[in-house]
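# structural data only, the sequence is not supplied:
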């Protein structure tokens, strides 16, 4: 995993950070038995995915050609030498 650039983009970091904060908010309100706060936190989790997707489409994610190249490399057996 160290050789790949999986998730090392502004889109990924922003989306995951927003989703994580939403998860923490939802968890806190679930413990406090406050359904409205729980659902607000869940909405933040979904918002994190949407923000990450929008940022990726704006060019702040991994380039599409890099994804195709990386996938082709992963399919080769480990014993094949370059």
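Great, that's in hand. Because the structure is a prediction, the values reported are computed rather than measured. Numbers count the residues shown, from 1 in each chain.
# in space, what's closest to residue 35 - neighbours in sequence excluded?
Spatially, and ignoring its direct neighbours in sequence, residue 35 is nearest to residue 29 (7.8 Å; CB to CB, 6 or more residues apart in numbering). For every residue, glycine as well, the C-beta is placed using N, CA and C.
# so what's that neighbour up against?
Counting by CB atoms under 8 Å, 6 or more residues apart in numbering, residue 29 makes contact with 35, 36, 37, 38, 40, 41.
# again, only using 6 Å
The contact partners of residue 29, taken as CB atoms under 6 Å, 6 or more residues apart in numbering, are 37, 38, 41.
# quick check, pLDDT for it.
As predicted, residue 29 sits at a pLDDT of 96.
# list the buried residues of the helix or strand harbouring residue 55.
Using DSSP states H and E, residue 55 sits within helix 35-55. Neighbour counts over helix 35-55 (16 or more other CB atoms under 10 Å) mark 38, 41, 42, 44, 45, 48, 51, 52, 55 as buried.
# for it, name the packing helices and strands.
Helices and strands touching helix 35-55, as assessed by 3 or more CB pairs under 6 Å, 6 or more residues apart in numbering; DSSP states H and E, comprise helix 10-31.
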